[in-house]
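Q: Pasting the sequence and the predicted coordinates here, then a few questions.
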Amino acid sequence: MDRKTRDTIVSYVFLSPFLVVFGIFLLYPILYSLLLSFQKNTIYSDFYNVFADMKFVGFGNYAALLGDPEFWWSLLLTFYYAFLTIPAFIALSLLLALLLNNRLPGRGFFRSAFFLPNVLDMLVVGVIWTLIYAPTYGLLSVLGRALKIDVLAESALMSEPWTALPAVAFAMVLKGSGFGMILYLTAIQNIPTSIYEAAEFDGAGWWDKLRHITWPLVKPITLFLIVTGILGALNAFTEIYAMTSRGGPNVSVMGNTVGASRISGFYLYLQFEDGQYGYAAAVSYVLLVVAITVSIINVKIFQPKRIK
Amino acid sequence: MKIFVSSLLVCLCLTGCGRSPSVSDDAVTLTVWETYNTEEHNVFVKLTEDFVPIAEKEFGVKVRLNIQRVPFDGFLSKLKTAALTHTTPDIARVDIGDMPTLAYGKALLALDKADGFEGPDLETFKNKFVQAAIGSNLLTIGNVTHLYGIPDQTTCVALYWNREVFRKKAQKLAAAGLNPLEPPKTWDDFIRYGRALTDTAQQEYGFGMDNSLWWTMPFYNTYAAPIIELVRGVWKYRLAEDSGVAALQLKVDLYEKHQLEAGAWKPGAIGADQGFMNGKYAMILSGPWRLETFRQSGVDYGVALIPAGPAGTSTNVGGTNMVIFRKTKHPKLALAFLNYVSSNDHQIRWSKTLNQIPVRLEAIRRVSPEAHPYLRTFMEQMQTARPRPNIPNYFMLETIVNAEMELALKGAKPVPAALRDAGKLVERKILAQLNVLRPS
Amino acid sequence: MRSWSDWVFLILRNLLLYVALTVGSLVVLMPLFWMLLTAFKEQGTALKNEFLPELRRTTGPAALAPGEIAGAFQAHTFFHTAPGAERVTVAGTFNGWNAGAEALTTTGGGVFQKTLRLPVGKHEYKFVVDGQWMDGPNQALDIPPSADRTEYEGGRVRFVYQDPAAIAVTALVDDKEIPLVKDAESRWSAEMLAAGGGNVTYRFSVRNSFWAGLKSIYTLGNFAAIAGSPDFPFGRFFINSMVVGTVSGLLTVILCTLAGYVFAVKDFLWKDKLFYLLLSVMMVPGMIFFVPQFALVNIIGKMPLFGTTLQEMRIFGINTYLGMIVPHLANVFGIFLMRQYIETIPHSLFEAARMDGANEYHELTKIVIPLSMPIMVTLFLLTFLGQWSNFLWQLVVNTPDSALRTLPVGLALFKGQYLTQWELQMAGACFSIVPVAVLFVFAQRYFIEGMTQGAVKG
């Protein structure tokens, strides 16, 4: 038995518990959904056997989907949302990790403080940000009036199409960065101090150390955050549900009325809510293709050379 | 490995001590899923205890009521997945908006043809109830109309006015020829009141309103504007007609032209209820569910009928119906339960304990004289309500119309154009499906 | 040695750092604060902008003529709508039902008004429009006593103020401040000589008790209501959530560590293909799994097995812990995370181990697990949190009367269609967040702090 064969057998033994669950509870539903995406149910489909009471429509769902301007708009918004959240998320997470990696008294408290928002229910977070962003009576607006800053006083971040999605992104970055901070902290603390000492010996400043030691060595985590960030943006639903009224505010774009925060995850939710299972499955598959394409591009750019 | 094995063991042990196995005897169990709040749930369980001896006597079997409370959030998901595994309950209390989805999907029993229907015929039966409440149960699928449920709870909105704010602005109101001790009675009055109550510099407004279709129905209904209508077997969109345009124009004017509305309709704004509670909006539309919380938060308020439009006063309708699932093993017993819950006696006890609007007209007549004046106002308002569109995709209809109305309120689109554009989408995405004849 | 300027720089820098961190954590924790405050608020007042009690307030100016007693009379404004009427008067117990006595004035538009000073107590009245008494029963009017009971007699003003919540009262006359003394239960008074004998104008400045004010806004009742509610068996929900979270976390970590290890270290057939398959499955929007997964749990639970079924044995299926746990164990995120982390372990370590004749089991237990402990703890925590707040799946897998319902399902009961009982929901949420917060505070000490020290690498 050569090395590779042996490794293959051992590897699959190690993988088997995972693959069993994966095959049953992920792969099978996905393949089943592929089947559904070529079918269509109507409002008359039997409630007790919806999946059996569907009609084969070939690529009908896909054609309808690709012809729906709202879908394209939601996809565009998703990229915008990813662009808004991911860099800010990485920057803030890394910044927090660097700051709290010091021998700073009370760092445990701050780490916990920044991590805690991750535990909170999205609906509670939604209420709070409404109270902050609301026009006229929101915290920002009240502050703006007190400080005589008109831009703030007249702000209505969630009511204006241009600011709604960035406002959601801002809230989400603040809520989530504690998680990124933890990942970075675990990675940074695994960097041997001897490397830094050697660099200091060569006269490297904090920027050089960050640029040439920390950043490359935490790259796997960065890549992880980027890929999961893209997935997060494609799946983002709860924050939109909690912070906006059905993906609003609405805006007219080239004759179509569209929601300024109705990103693809929410678009998908609306289809499910409307009971369009076949159509929703088709949406999922198109989103999957998009996600894979984007991820491949990312992996190609960010994949670190293996340290041998 | 040790962790793996031990955690598995722990896991298996714990699964063992799950639910105690269900008791098996010869009793007939009737399972009811409902979404009442804690207080309502307790009252419901208590009041329906009396059903058991009645049913046992009538049917000659031992009856057990299994009333299960489900969170309102996710209730429809729960029903859908339960249907998939054929584990639906016998009876469920469903929102009137979800009802058509179930009926079109052939999940519900048609009650008017069932054994034990109170009757005597559909028309007589219908006239015993608040029209808007029973209306949501009558669905015309294909060309036949059946009764798919019986209302157990009905509700609507009316005008809340903050007496304290009115008193504070008494001089301004009196100067405008308005009595600060009375609420407005017509939309014209309403505008005059609203303007006198508004003080933009202090962020105080006469009115705070929501944008959605449901919250706009009081406007449409006081103008007798139809939304969609079944005409000779074909669904037609009618909101873009003159009456609908006039009603929405009024709403737009309240914000844009008269500047007496706070902008509470804007996405992300402080909602009408919250603004009212904090004394910022002098008048709002809201339902009886707020009577208690407003009192608790110390607001001195009054409740009045919605200002009259060309078609008089009117309002929207919300509430729930009790339905029986097709797969039930005890349709007769289930229907007896529905009859019990919607009976005058139950409705009167329910209304007296929880301060709610009964669904039967006779019950309203009987409780109304002793009811709190505010609740009485709601009972009066309820009888002016018009049914809302009774179609499976009601929430999609809301999504489409809300978006266009928002653009109209913002001034981004003229009202007629907004309602026309909504119509195009509604026709294409919703009515087209309905107008395909039902496959038998 | 550092010079003094270095020290100043260091101190300033740390100060700035602390300020920034404090402000930052306050901002991100705002939802938590709101949650805690709301949990203690009186029912129905969650959305009221009232968080701190009003500590000091000043009453409106009052004027008193010699011989008068304040509060014995109160101003009341009558309004009456009578379009087209010439003369409207009000008659009642206070003027001997004299229809001609008090005429209301109008500014046009048909609304008439008149302000009268009426004695404290109950009154009845009726409007008379153009000499015609209005129909219907007499109207009732109740003039409440006021807190101000000041008396002005014989050139002396005796300030009296009644307020059970006050802890200090001062009378303000012109620019003088006269402190009042508490002379009876909730009664404050002081005397002043009135110079000149004319009218006296004054205000009261009242300081309220902070605690009394606080008690009027906040309460412990919400916690009591939840703890005592038979609908919300908190202990049961808590144990269920704990079991589901912990077991999910442990199993996920085990599965993902095994898989992450082989993907990071081993070279095997179809490795890349398999990895990309896993990754692409991770990218499918989660909503699509929901319904089929439920159907699968139900079907597997009911499959015949040695004459019985897993469902009947309460091992797997609807209303079982494993039914809630197993479908979410295939966590590709976890594998990806573990692989990314294990890849940073220098390869030389594995090669050295292999030279010493170590097999995979040794590699895993001696190198991978000790070195990956921080990320394993992180993954555990993430899975735990995910399950701790998973609402929809746990709602659907349990029947509404299941004893295995979890906290999120229980908490959702406080959210109604029209009305959310925020106070109760937040009180319940406190029960569910505090344990997790405590867990994290302890865990982070362990998995971030403790690991670097004994590290084998370097």
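A: Perfect, thanks for sending it.
Q: Up against chain C, what does the stretch 151-300 of chain A have?
A: In this structure, the stretch 151-300 of chain A approaches chain C at residues A:174-175, A:177-179, A:182-183, A:185-187, A:189-190, A:192-194, A:217, A:220-221, A:223-224, A:227-228, A:231, A:234-235, A:237, A:265, A:268-269, A:272, A:277, A:280-281, A:283-284, A:287-288, A:291-292, A:295, judged by Cβ under 8 Å from any Cβ of the partner chain. Heads up, the C-betas are built off the backbone N, CA and C, glycines and all.
Q: Who are the contact partners of A:Asp274?
A: For A:Asp274, the contacting residues are B:Asn393, B:Phe395, B:Met396, taking Cβ atoms under 8 Å, 6 or more residues apart in numbering or on different chains as the criterion.
Q: Name the nearest residue to the residue in the stretch 1-150 of chain A positioned nearest to chain B, ignoring sequence neighbours.
A: The nearest approach of the stretch 1-150 of chain A to chain B comes at A:Phe47, 3.1 Å away (Cβ to the nearest Cβ). Nearest residue to A:Phe47 in three dimensions, chain neighbours excluded: B:Gly105, at 3.1 Å (Cβ to Cβ, 6 or more residues apart in numbering or on different chains).
Q: Next to chain C, which bits of the stretch 101-250 of chain B? Give me the list.
A: With the criterion set to Cβ under 8 Å from any Cβ, the stretch 101-250 of chain B comes near chain C through B:Thr155, B:Ala170, B:Leu173, B:Ala174, B:Ala175, B:Ala176, B:Gly177, B:Leu178, B:Asn179, B:Pro180, B:Leu181, B:Glu182.
Q: of all the residues you listed, which two lie farthest apart?
A: Of all pairs drawn from these, the widest gap by Cβ to Cβ lies between B:Thr155 and B:Ala175 and measures 37.3 Å.
Q: The two: who's more crowded?
A: B:Thr155 (23 against 15; other Cβ atoms under 10 Å in any protein chain shown).
Q: Show the residue spans covered by the strands in the stretch 151-300 of chain B.
A: Ranges of strands in the stretch 151-300 of chain B, per DSSP state E, counting those that start in this stretch, are B:158-162, B:205-208, B:228-231, B:234-237, B:281-286.
Q: For those, give me CSV that also has mean neighbour count and mean pLDDT.
A: Conversion of the strands of the stretch 151-300 of chain B to CSV gives the following (neighbours: other Cβ atoms under 10 Å in any protein chain shown; pLDDT from 0 to 100):
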stretch, mean neighbour count, mean pLDDT
strand B:158-162, 23, 95
strand B:205-208, 26, 94
strand B:228-231, 14, 88
strand B:234-237, 17, 90
strand B:281-286, 27, 94
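Q: Using CSV, lay out these together with distance to B:Leu419.
A: Conversion of these to CSV gives the following (distance: least, Cβ to Cβ, whole Å):
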stretch, distance to B:Leu419
strand B:158-162, 24
strand B:205-208, 22
strand B:228-231, 12
strand B:234-237, 9
strand B:281-286, 20
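Q: right, and these - which one's nearest C:Ala101?
A: Counting by Cβ to Cβ, C:Ala101 lies closest to strand B:158-162 out of these; the figure is 31.6 Å.
Q: what angle sits between the closest one and strand B:281-286?
A: An angle of 160 degrees separates the directions of strand B:158-162 and strand B:281-286 when computed by axes from the mean of the first three to the mean of the last three Cα atoms, to 10 degrees.
Q: ok, back up a step: could you turn the buried ones of the residues of the stretch 151-300 of chain A next to chain C into a PyMOL selection?
A: A single PyMOL command suffices to select whichever of these are buried according to 16 or more other Cβ atoms under 10 Å in any protein chain shown:
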select buried, chain A and resi 174+175+177+178+179+182+183+185+186+187+189+190+217+220+221+223+224+227+228+231+234+235+237+265+268+269+272+277+280+281+283+284+287+288+291+295
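Q: one step back: can you get me a residue count around the residue of the stretch 1-150 of chain A closest to chain B?
A: Tallying neighbours of A:Phe47 according to other Cβ under 10 Å, which is how burial is gauged here, yields 24.
Q: Now do it, the pLDDT please.
A: The predicted local distance difference test score for A:Phe47 is 85.
Q: Surely A:Gly232 touches A:Thr85?
A: Yes - because the distance of 7.4 Å satisfies Cβ atoms under 8 Å, A:Gly232 is recorded as touching A:Thr85.
Q: out of the two, which sits in the busier spot?
A: Neighbour comparison, A:Gly232 and A:Thr85: the larger count goes to A:Thr85, with 24 against 19 (by other Cβ under 10 Å).
Q: And what about that one, helix, strand or coil?
A: A:Thr85 carries the three-state label helix when classified by DSSP: H, G, I helix; E, B strand; the rest coil.
Q: I'd like to know how many residues surround C:Gly286.
A: By other Cβ under 10 Å, 13 other residues sit near C:Gly286.
Q: do you know how far it is from chain A?
A: With distances taken as Cβ to the nearest Cβ, to the nearest Å, C:Gly286 is found 6 Å from chain A.
Q: What backbone torsions are found at that residue?
A: Comment: the main-chain dihedrals of C:Gly286 come out as phi -60, psi -30, following degrees, to the nearest 10.
Q: what's the nearest residue to it if we skip its chain neighbours?
A: Skipping the residues right next to it in sequence, C:Gly286 comes nearest to A:Asn235 by Cβ to Cβ, 6+ apart, at 6.0 Å.
Q: and the residue in the stretch 51-200 of chain C that chain B sits nearest to, how many neighbours?
A: Chain B sits closest to C:Gly109 of the stretch 51-200 of chain C, with a gap of 1.5 Å, by Cβ to the nearest Cβ. Around C:Gly109 there are 16 other residues, counting by other Cβ under 10 Å.
Q: List the buried residues in the helix or strand hosting C:Met376.
A: Under the criterion DSSP states H and E, the helix or strand holding C:Met376 is helix C:369-388. Residues of helix C:369-388 classed as buried: C:371-372, C:374-388 (neighbour count, 16+ other Cβ under 10 Å).
Q: Would you mind trimming the contacts of A:Asp274 to those in range of chain A?
A: When Cβ under 8 Å from any Cβ is applied, the members of those adjacent to chain A are B:Asn393, B:Phe395, B:Met396.
Q: ok, the second one - contacts?
A: Taking Cβ under 8 Å, 6+ apart as the definition of contact, the neighbours of B:Phe395 are A:Glu273, A:Asp274, B:Gly97.
Q: so the residue nearest to A:Phe47 sits right up against A:Tyr44, yeah?
A: Yes - B:Gly105 sits in contact with A:Tyr44 when judged by Cβ under 8 Å, with a separation of 7.3 Å.
Q: So if I had to pick from the two, which one is more boxed in?
A: Per other Cβ under 10 Å, whichever of B:Gly105 and A:Tyr44 has more neighbours is B:Gly105, with 24 against 20.
Q: quick one on the thing from earlier: which among the strands of the stretch 151-300 of chain B is found nearest to C:Pro137?
A: Here strand B:158-162 is closest among the strands of the stretch 151-300 of chain B (Cβ to Cβ), at 23.7 Å.
Q: how near is the residue in chain B positioned nearest to chain C to B:Arg195?
A: Among all residues of chain B, B:Gly177 sits closest to chain C, at 1.5 Å; criterion: Cβ to the nearest Cβ. As for B:Gly177, its distance to B:Arg195 is 12 Å (criterion: Cβ to Cβ, to the nearest Å).
Q: May I have the phi/psi pair for the residue nearest to C:Gly286?
A: With angles defined as degrees, to the nearest 10, A:Asn235 sits at phi -100, psi -10.
Q: Give me the pLDDT value at it.
A: 83.
Q: can you pull the contacts of it?
A: A:Gly265, C:Pro285, C:Gly286.
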